[in-house]
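J.: No letters, just coordinates:
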């Protein structure tokens, strides 16, 4: 367990104590007991606290509708492969499956996140969680309820939450919601709103989370641009 403990108390200056550390620690202990000597190398799971928080809340979202979908597990597995590479995906999936067995104390977990995570990281976290919820083709009411609860508890602005939600749940006003502006806004207000959102969601805002999260940040930024382009095209804006 020495190698695991070394990782567990590492990170970006935020020791993983509190509820998140307890959940991760319990899962690590379970994996260690089950895997034993079958683990050929020292697991290097999760390089920072953001990743740990993401794993715990992914489990909370997946448990929201009392079922774990294959598409959701695949989403997490793809995330692991993209973020950490294929070599350690097996250990991480073992860890995640153990986390899924636990009852997640969303309130205390979110309180810890709200205290230690900056605004840009919290927005990135919500975007990733929405991606997970949408991985089976739709976001159910139970999942939306949990996502809204998490967003509120970690202190995400309701308009920002609505913007992220509109990136995944499309309707005639989605582009306006993404830019956090009313459809009755003037062209000048639309342009101003676009500049504000482009600055707020720019990938550089989450560079401190590591290069592994840049793909999702760039995807979020692309949706901002697509929303503006859709409105500009509809209105014939220059």
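T.: Alright, I've got the coordinates. Note that this is a predicted model, so its numbers are computed, not measured.
J.: So residue 94: helix, strand or coil?
T.: What DSSP: H, G, I helix; E, B strand; the rest coil gives for residue 94 is helix.
J.: Next, count neighbours for the closest residue in space to it that isn't next to it in sequence.
T.: For residue 94, ignoring the flanking residues on the chain, the nearest one in space by C-beta to C-beta, 6 or more residues apart in numbering is residue 31 at 4.8 Å. Using the backbone N, CA and C atoms, a C-beta is placed for each residue, glycine as well. For residue 31, the neighbour count with other C-beta atoms under 10 Å is 23.
J.: With residue 73 instead?
T.: Residue 73: 16 surrounding residues under other C-beta under 10 Å.
J.: Quick one: residues contacting it.
T.: residue 93 (C-beta atoms under 8 Å, 6 or more residues apart in numbering).
J.: Show me what the helix or strand residue 114 falls within is packed against.
T.: Taking DSSP states H and E as the definition, residue 114 sits inside helix 106-116. With contacts defined as 3 or more C-beta pairs under 8 Å, 6 or more residues apart in numbering; DSSP states H and E, the packing partners of helix 106-116 are helix 18-35, helix 49-62, helix 119-133, helix 141-153.
J.: Would you mind listing the buried residues in the first one?
T.: Buried residues in helix 18-35, counting neighbours by 16 or more other C-beta atoms under 10 Å, are found at 18-25, 27-28, 30-32.
J.: can you redo the residues you listed as a markdown table with pLDDT and distance to residue 145?
T.: Below are these laid out as a markdown table (pLDDT from 0 to 100; distance: C-beta to C-beta, whole Å):
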| residue | pLDDT | distance to residue 145 |
| --- | --- | --- |
| 18 | 76 | 24 |
| 19 | 81 | 21 |
| 20 | 82 | 22 |
| 21 | 79 | 27 |
| 22 | 79 | 25 |
| 23 | 79 | 21 |
| 24 | 78 | 25 |
| 25 | 76 | 28 |
| 27 | 77 | 25 |
| 28 | 75 | 30 |
| 30 | 73 | 29 |
| 31 | 70 | 30 |
| 32 | 67 | 34 |
